[in-house]
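S.K.: What follows is a predicted protein model with its sequence.
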Amino acid sequence: MHTILLTTAIVTGFTGFLAVLLTLANRTIANYGEKKLIINEDKEYIVKGGSSLLSVLREEKVFIPSACGGKGTCGYCKVKVLEGGGPVLPTELPWLTKEELENNIRLSCQCKIKEDMKVYIPEELFNVREYEATVEILEDMTPEIKKVRLRLNEGEEINFKPGQYIQLKIPEYEGSDEEIYKAYSIASSPEEKSFIDLYIGYTGGTATTYVHKFLKKGDRVYINGPYGDFYYHDNRDKEMVLVAVGTGIAPILSILKYMAHNKIDRKATFFFGAKTPSDLFELELIHSFEESIPGFKFIPTLSRVKEEHNWTGEKGRVNVQLEKYIDNGDGKEAYLCGSPAMIDTVVNVLKKKGFTEETIYYDKF
Amino acid sequence: MIDINPMTIFLAAIFTNNMIYSYFLGMCSFISVSNEIPTSLGLGQAVTFVTTATAIINYILYKYVLLPLNLEYLRFIVFIITIAAFVQLLEMVVERYFPNLYYSLGIFLPLITVNCIVFAVSLFMVIRNYTFLQSVAYAAGSGIGWTLAIVAMAGAKQRIKNNNLPKGLEGPGITLIITGLMALAFVGFSGIVQIQ
């Protein structure tokens, strides 16, 4: 009995002493007081000094993309620090190029606020935040592609540009012991701010397996966004060439919905590539654009068509149709979304037709 | 108590009884932070300092608190807590009062709270009944030996940076194989001296 009491007393006393010591140290040594954080010269925040820039920004509801959660192992959370960041830390160096070092780019998870600080954050990141949403629709579009509608909480809105994407949080589930974030383009119209639609194809990967085999209607999920520099550009004098294969149709549909809603009458041709007729989806919706956007033309093309399919439309991959339908790149701009292989091929074709880098926008996934 | 010159123990801890090459301890940061020589060197110095300082504190705690009270079996929990608290405190102090030192060494401190060799040194020193001087020599030597190992690994990794490796061997795989090869070389030192 005596030993038990003694042991407990010693351990308690010892840990208690250290806990008091550390608390005192935290109050005094690690207390940097309140510091001023100025974002883009105009937004001023009074923040608690001593914590990392990333966590402070998150508290102020400014979401910087970060995949590792502030451990300095992903290198995504880059921010331009104009004043007060102190020297670059060795933990940041592996992630920064020479150019970025010259431009004062820092990893916000490693850079701590110890003095007043001025930072620059691209305006579009102010829109980025985390949303909780409910799975409202979970519907098979083709045997391999599901349409997922996520409705935001009552009263919440998401503002995005047509073509941008969000990240969906895939929680731990049977078969995956790690939480991951996966990017999906938004297919719904930016005018519909209370929900987003995604098309998710089954690849057998962690995220798509979760969506196809585990996700149920009514489930709660987390998304963050919007992100991405692939979006609709309002150059109304230019003709649009839209190209997508498979689930790459998502951002294109968002762009078309946006155009239809705002009665933007631009000449636009949409090339949609798939393997067989059963891989084509949302045809009714696409055909409806032919009425709402007078200059719209839809060209579906199938690469693995057989006799029994009774297919009368175009055959071959999208690049074949581009060769056939596009004469030159004069006064046109192109929006491509699909696999890297498809994008590379199509960019080559378009360049040969006279498109320049500046007139081709694409989203590889 | 064994009668060995602390200097011998110091050298032995670096070469013949190297923490990495003969005990394979402290592997996590050894594998993940050994990409660049300056970073490895910084981490190594921090590990050496923390190992030595905590060995001293733990020696005093063990000798003057745990032993007299017959509580040797509490050494695991006491050592671990001491190390964790010490590292945390050290980080706060260095960050606040020695900014320059913080930028070169301090940022590695959180990484080494969980470095096994810090704890291993404290345990070995009581298991082997080292005296105070022997313990300090052993701790410093182990830290330096670990630094030597991680810097050597960083050097080797830089050499193979642009080589094409089989997919499955990239990263930790090849690091472990290189460690194994280097360990074989260090086996050559063993037997020169006995320190336990």
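M.R.: Good, I have the coordinates.
S.K.: give me the residue from chain A nearest chain B.
M.R.: residue A:18 (4.1 Å; Cβ to the nearest Cβ). Where C-beta positions appear, they are placed from N, C-alpha and C, glycine not excepted.
S.K.: Secondary structure of that residue: a strand, I assume?
M.R.: No - Residue A:18: not assigned to a strand; according to DSSP: H, G, I helix; E, B strand; the rest coil it is helix.
S.K.: my guess is it meets residue B:81, correct?
M.R.: Yes - using Cβ atoms under 8 Å, residue A:18 is in contact with residue B:81, at 6.2 Å.
S.K.: Give me the neighbour count for residue A:39.
M.R.: Other residues lying near residue A:39 total 19 when counted by other Cβ atoms under 10 Å in any protein chain shown.
S.K.: What pLDDT does the model give it?
M.R.: Per-residue pLDDT puts residue A:39 at 88.
S.K.: try residue B:113
M.R.: Looking at residue B:113, its pLDDT is 76.
S.K.: what helix or strand is the single nearest residue of chain B relative to chain A on?
M.R.: Distance from chain A to each residue of chain B (Cβ to the nearest Cβ) is smallest for residue B:85, at 4.1 Å. Assigned by DSSP states H and E, residue B:85 belongs to helix B:75-97.
S.K.: Identify the residues contacting that helix?
M.R.: If you take Cβ atoms under 8 Å, 6 or more residues apart in numbering or on different chains as the criterion, helix B:75-97 is touched by A:11, A:14-15, A:18, A:21-22, A:25-26, A:29-30, A:112, B:50, B:53-54, B:57-58, B:61-62, B:66, B:101-102, B:105-106, B:109-110, B:112-113, B:118-119, B:122-123, B:126.
S.K.: Which ones among these map onto strands?
M.R.: Among those, no residue falls in strands (DSSP state E).
S.K.: from what I can see residue A:103 touches residue A:80, true?
M.R.: Yes - counting by Cβ under 8 Å, residue A:80 is a contact partner of residue A:103 at 6.5 Å.
S.K.: These two: which is more packed in?
M.R.: The neighbour comparison of residue A:103 against residue A:80 (other Cβ under 10 Å) goes to residue A:80, with 17 against 14.
S.K.: Other residues contacting the one helix or strand the more buried one maps to?
M.R.: Assigned by DSSP H and E, residue A:80 belongs to strand A:78-83. By Cβ under 8 Å, 6+ apart, the residues outside strand A:78-83 that reach it are A:53, A:57, A:64, A:95-96, A:100, A:103-108, A:111, A:116-121.
S.K.: Could you list the buried residues of that strand?
M.R.: For strand A:78-83, the neighbour count (16 or more other Cβ atoms under 10 Å in any protein chain shown) marks A:78-81 as buried.
S.K.: Pairing partners for that strand, with directions?
M.R.: Applying DSSP bridges, strand A:78-83 is found paired with strand A:105-107 (antiparallel), strand A:117-120 (antiparallel).
S.K.: just those: most buried one?
M.R.: Highest mean neighbour count among the strands paired with strand A:78-83 (mean count of other Cβ atoms under 10 Å in any protein chain shown): strand A:105-107, with a mean of 24.
S.K.: Just checking the distance from it to the centre of its chain.
M.R.: Chain-centre distance of strand A:105-107: 21 Å, with Cα atoms, centre = their mean, to the nearest Å.
S.K.: got it, and stretch B:35-46?
M.R.: 13 Å.
S.K.: Extract the C-alpha set from it and format it as PDB.
M.R.: The C-alpha trace of stretch B:35-46 is given here as PDB (Å, rounded to 0.1, in the frame of the first residue of the first chain):
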ATOM      1  CA  ASN B  35      17.600  14.800 -47.700                       C
ATOM      2  CA  GLU B  36      20.000  17.700 -47.400                       C
ATOM      3  CA  ILE B  37      23.300  18.000 -45.600                       C
ATOM      4  CA  PRO B  38      22.700  21.400 -43.900                       C
ATOM      5  CA  THR B  39      19.300  20.300 -42.500                       C
ATOM      6  CA  SER B  40      20.700  17.000 -41.300                       C
ATOM      7  CA  LEU B  41      23.600  18.700 -39.600                       C
ATOM      8  CA  GLY B  42      21.200  21.100 -37.800                       C
ATOM      9  CA  LEU B  43      19.000  18.200 -36.700                       C
ATOM     10  CA  GLY B  44      22.100  16.300 -35.600                       C
ATOM     11  CA  GLN B  45      23.300  19.100 -33.400                       C
ATOM     12  CA  ALA B  46      19.900  19.500 -31.800                       C
END
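S.K.: Can you name the residues in contact with it?
M.R.: Identification of contacts with stretch B:35-46 by Cβ under 8 Å, 6+ apart yields A:90-91, A:93-94, B:29, B:33-34, B:104-106, B:108-109, B:111-112, B:143-144, B:146-148, B:150-151, B:153-155, B:157-158.
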